[in-house]
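coordinates only, sequence not included:
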């Protein structure tokens with residue numbers, strides 16, 4: 001527990017680190033990667049603008065909400081909506097003003113947070129000195145400046161292939177996670193992967209079925 005895996009070395013030794021044991025190697029005859037998913041950050045989305053505070057993902061906003069008497073911002077512009085379900089209750093409970101949602105679709109679930117949808121707009125610049133003050137959007141060659149103190153990304157999750165990449169395991173460029181065969185084995189012998197770590201699943205039942213197949217396959 002509380003241990004971070006750095007990579008899997010050639011002899012199937014897992015190089016990991018923890019505050020209790022420091023850096024150590026744990027050898028496994030067979031290894032299952034269950035890294036799960038990660039959020040797309042501003043860097044991953046590739047966006048220009050001032051490097052000011054107040055730019056965060058839904059996951060980070062959720063952590064801030066868990067701190068007593070803390071909120072991520074007062075006037076929030078949201079880019080995307082796919083992970084908004086994770087914090088929609090907190091946004092309502094704290095009476096936070098959602099100034100708009102940027103989306104490629106009109107028919108999205110806003111959870112009653114706002115009726116302002118910036119359909120097909122793209123972020124071209126972020127302004128702020130210390131804290132974000134506004135975001136410049138563009139559509140069809142026309143720009144619009146939206147004032148806000150927080151820009152939150154609610155983009156789709158990405159499979160976490162970092163450990164796989166460090167371990168010379170072939171990645172699936174479509175999902176960003178490790179590529180697996182019909183038995184969920186990766187490009188390296190006796191290293192398997194499943195769940196959101198290989199692609200983003202819609203239902204937890206699908207992940208449970210994958211796990212069951214892997215375990216049955218290992219036992220056989």
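Arrived safely, thanks for sending. The model shown is predicted, which means the values in this text are computed figures rather than measured ones. Residues are numbered from 1 along each chain as shown.

any idea which helix or strand in this protein has the lowest mean pLDDT?
helix 42-45 (a mean of 51; mean pLDDT, DSSP states H and E).

can you tell me the SS state at residue 90?
Three-state secondary structure (criterion: DSSP: H, G, I helix; E, B strand; the rest coil) places residue 90 in helix.

quick one on the thing from earlier: what distance separates the following helix or strand past the least confident helix or strand of the chain from the centre of its chain?
In the C-terminal direction, the helix or strand that comes right after helix 42-45 (DSSP states H and E) is strand 55-57. Strand 55-57 has its average C-alpha position 11 Å from the chain's average C-alpha position, going by C-alpha atoms, centre = their mean, to the nearest Å.

can you check stretch 202-209 too?
The chain centroid and the centroid of stretch 202-209 are separated by 18 Å, computed with C-alpha atoms, centre = their mean.

now that stretch: mean pLDDT?
When pLDDT is averaged over stretch 202-209, the result is 87.

which positions within it qualify as buried?
Of the residues in stretch 202-209, those with enough neighbours to count as buried (16 or more other C-beta atoms under 10 Å) are residue 207. No exception for glycine: its C-beta is placed from N, CA and C like everyone else's.

same thing with stretch 173-185?
Under the neighbour-count criterion of 16+ other C-beta under 10 Å, stretch 173-185 has 175, 176, 177, 178, 179, 180, 184, 185 buried.

now the end-to-end length of that stretch.
Using C-alpha to C-alpha, to the nearest Å, the gap from the first to the last residue of stretch 173-185 comes to 17 Å.

what lies in contact with that stretch?
Contact with stretch 173-185 is made by 33, 35, 158-161, 164, 169-172, 186-187, 191-194, 196-200, 210, 213-214, 217, as judged by C-beta atoms under 8 Å, 6 or more residues apart in numbering.

so how far is that stretch off the chain centroid?
How far stretch 173-185 lies from its chain's middle: 18 Å, per C-alpha atoms, centre = their mean.

related to what we said a few turns ago, what is the most widely separated pair among the buried residues of stretch 173-185?
Farthest-apart pair in those is 176 and 185; separation 18.7 Å (C-beta to C-beta).

burial count for the residue nearest to residue 119 when sequence neighbours are not counted?
With C-beta to C-beta, 6 or more residues apart in numbering as the measure, residue 106 is the residue that lies nearest to residue 119, at 5.5 Å, once sequence neighbours are left out. Under the neighbour criterion other C-beta atoms under 10 Å, residue 106 is assigned a count of 8.
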